[in-house]
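Asker: quick one: sequence and predicted model below, then my questions.
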Amino acid sequence: MTPAAAGTPVFPAELTAPPTVGVEEEFVLADRHSRAAVHRAPAVVGAARGRLGAPHATAEVSQAQVETVSAVCRTAEDLAAEIVRLRSGAAVAAAEHDCLLVPSGTAVLGRPGPPPIVDKARYRAFARRFGPLAHDQGVNACHVHVGVEDREEAVRAVNHLRGWMPLLLAVTCNSPFSDGTDTGYASWRSMVWGRWPVAGPPPFLHGAAHHERVVGQLVASGAAMDPAMVYWHVRPSPHLPTVEVRVADVLPEPAATTAYALLVRALVGCAVDAVRAGEPAPVVPDLLLRAACWQAARHGTQGTLPATHTPDCVPVSVGRLVDELWKRVEPHLTRYGDDRWVGDWLSDVQREGTGSARQRRIADHHGGRLQAVVDELAVAPG
């Protein structure tokens, strides 16, 4: 697809400051020689913090993972530069400990764990409560935060966003392999993560008070240790004035991450506009949303998905859904000059396929040798 209005000039008087956007990316650490997942996160995270600043690199539950956390950005150029800075610096830190920094939703080779669990009280409690459920949770996502100051608007915006989550997953799949095996899925990460009792599509929320009540009940039930563990695909952030979209695999390239984050920002902007206009959100059944997300994880951009952003949820091709998404977000993208970034990326996904398709092509080109997939994905130290 090509953005019809890409490059259309916008006069300065029409511009307002774009909403803030920030990105969290998770990566697997692979041994430089075997290319299998390796448990060196404590040392790598320490080195990355020294290079990037303490707030911008953190451990995850598995010792084979590193997470980067961007600064708060407003322009596409600033966001793109920040993502490159973080990836490059984290890759240098990994190289110092004989590791590769690999942007794949799952470890292509080896088992990332946990165990071993990163030595934090929260993670130790996490492992005690959920037991073997935690054993394969070294999976890597891309989380996008978009600034929405009003909590009520943020909660109600989630109702307009939840129906788009299957499509966002379909276009960001990047985890076909796990522990040396082709899973047959485009996003095996989302299948592994979906085992959690509070992961997956959010319920329809009737306002901020309803949201707080539901989250409180989930915590009281023991299904989550605290509100931050309510791992819905899209949620009002439990600690920031943002809407957080958590459905995507980590993406293979920084340009793709940038474009995806800008797309999410535009989609959140549309949802907030709909809330302010009093537009009702489609009440899509939770089970249908979950089924659509399964289809997206299984097949990526191939085949059809239920149009869960509409009341009737009729199955249509992913390509048609992308066109409908573009029509919805294009005015927001154009307003801030983001249309070319997102349009080029979506066109590339439709033409070349997702990150999962790329991983499989690399494997096929190298006779099924998955070490080549790791090498192709690994971030070059900057």
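Answerer: Received it, and whenever you're ready, just let me know what you need.
Asker: measure stretch 97-113 end to end?
Answerer: The straight-line separation of the ends of stretch 97-113 (CA to CA, to the nearest Å) is 19 Å.
Asker: buried residues, that stretch. List them.
Answerer: Residues of stretch 97-113 classed as buried under the neighbour-count rule (16 or more other CB atoms under 10 Å) are 97, 99-113. C-beta: built from backbone N, CA, C; applies to glycine.
Asker: what's the mean pLDDT across it?
Answerer: Stretch 97-113 carries an average pLDDT of 96.
Asker: and stretch 210-229, by the same measure?
Answerer: Here the average pLDDT along stretch 210-229 is 96.
Asker: centre of the chain versus it, how much separation?
Answerer: For stretch 210-229, the separation from the chain centroid amounts to 22 Å (computed by CA atoms, centre = their mean, to the nearest Å).
Asker: what is the end-to-end distance of that stretch?
Answerer: In stretch 210-229, first residue to last residue: 18 Å (CA to CA).
Asker: contacts for that stretch next, please.
Answerer: Stretch 210-229 is contacted by residues 122, 125-126, 129, 155, 197-198, 203, 205, 230, 236, 238-239 when judged by CB atoms under 8 Å, 6 or more residues apart in numbering.
Asker: could you rerun that using 7 Å?
Answerer: 125-126, 129, 155, 197-198, 203, 205, 230, 236, 238-239 (CB atoms under 7 Å, 6 or more residues apart in numbering).
Asker: which of those residues sits closest to residue 149?
Answerer: Nearest to residue 149 out of these is residue 236 (CB to CB; 11.3 Å).
Asker: what's opposite the closest one in the beta bridge?
Answerer: Counting by DSSP bridges, residue 236 is bridged to residue 243.
Asker: now for it: which residues touch it?
Answerer: Applying CB under 7 Å, 6+ apart to residue 236 gives the contacts 151, 154-155, 158, 211, 243.
Asker: same list, those, but as CSV with neighbour count, secondary structure and distance to residue 187 please.
Answerer: Output for the contacts of residue 236, formatted as CSV (neighbours: other CB atoms under 10 Å; DSSP: H, G, I helix; E, B strand; the rest coil; distance: CB to CB, whole Å):
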residue, neighbour count, secondary structure, distance to residue 187
151, 15, helix, 30
154, 27, helix, 26
155, 23, helix, 27
158, 27, helix, 21
211, 23, helix, 27
243, 27, strand, 21
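Asker: show me what the longest helix belonging to the chain is in contact with.
Answerer: For the chain, the longest helix by residue count, based on DSSP state H, is helix 254-276. With CB under 7 Å, 6+ apart as the test, helix 254-276 has contacts from 19, 21, 23, 25, 76, 79-80, 83-84, 87, 142, 144, 146, 148, 153, 156-157, 160-161, 164, 172, 243, 245, 248, 251, 328-329, 332-333, 338, 341-342, 345.
Asker: what about it, distance to the chain center?
Answerer: Put simply, helix 254-276 sits 12 Å off its chain's centre (CA atoms, centre = their mean).
Asker: check contacts around the nearest residue to residue 116 once chain neighbours are set aside.
Answerer: Once flanking residues are discounted, residue 116 sits nearest to residue 63: 5.1 Å by CB to CB, 6 or more residues apart in numbering. Residues in contact with residue 63, defined by CB under 7 Å, 6+ apart, are 39, 41-42, 113-114, 116, 118.
Asker: ranking these by neighbours, who comes first?
Answerer: In terms of neighbours by other CB atoms under 10 Å, these top out with residue 41 at 29 neighbours.
Asker: dump the contacts of residue 63 into CSV; add secondary structure and distance to residue 317 as well.
Answerer: Shown next, in CSV, are the contacts of residue 63 (DSSP: H, G, I helix; E, B strand; the rest coil; distance: CB to CB, whole Å):
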residue, secondary structure, distance to residue 317
39, coil, 42
41, helix, 40
42, helix, 46
113, coil, 38
114, coil, 39
116, coil, 44
118, coil, 42
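Asker: out of those, which one has the weakest pLDDT?
Answerer: residue 118 (80).
Asker: what number of residues lie near the residue nearest to it when sequence neighbours are not counted?
Answerer: Nearest residue to residue 118 in three dimensions, chain neighbours excluded: residue 59, at 4.6 Å (CB to CB, 6+ apart). Residues lying near residue 59 (other CB under 10 Å) number 19.
Asker: also the one 5 residues further on?
Answerer: For residue 64, the number of neighbouring residues by other CB under 10 Å comes to 29.
Asker: let's see stretch 185-193 as CSV, backbone CA atoms only.
Answerer: The C-alpha coordinates for stretch 185-193 follow below in CSV (Å, rounded to 0.1, in the frame of the first residue of the first chain):
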residue,chain,number,x,y,z
TYR,A,185,3.5,-20.2,14.2
ALA,A,186,4.4,-16.7,13.0
SER,A,187,4.4,-15.4,16.7
TRP,A,188,5.3,-18.2,19.1
ARG,A,189,6.1,-15.5,21.6
SER,A,190,2.5,-14.5,21.9
MET,A,191,1.5,-18.2,22.4
VAL,A,192,4.0,-18.6,25.3
TRP,A,193,3.0,-15.2,26.8
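Asker: and residue 326, how far is that from residue 164?
Answerer: From residue 326 across to residue 164, the span is 12 Å (CB to CB, to the nearest Å).
Asker: who's more crowded, the two?
Answerer: Comparing residue 326 with residue 164 by neighbour count (other CB under 10 Å), the higher total belongs to residue 164, at 25 against 21.
Asker: and the more buried one, what is it in contact with?
Answerer: Residues near residue 164 by CB under 7 Å, 6+ apart: 267, 309, 325.
Asker: redo that, cut-off 10 Å
Answerer: Contacts here follow CB atoms under 10 Å, 6 or more residues apart in numbering; on that basis residue 164 touches 233-234, 245, 247, 263-264, 267, 270-271, 308-309, 321, 324-325, 328-329.
Asker: no further queries at this time; thank you.
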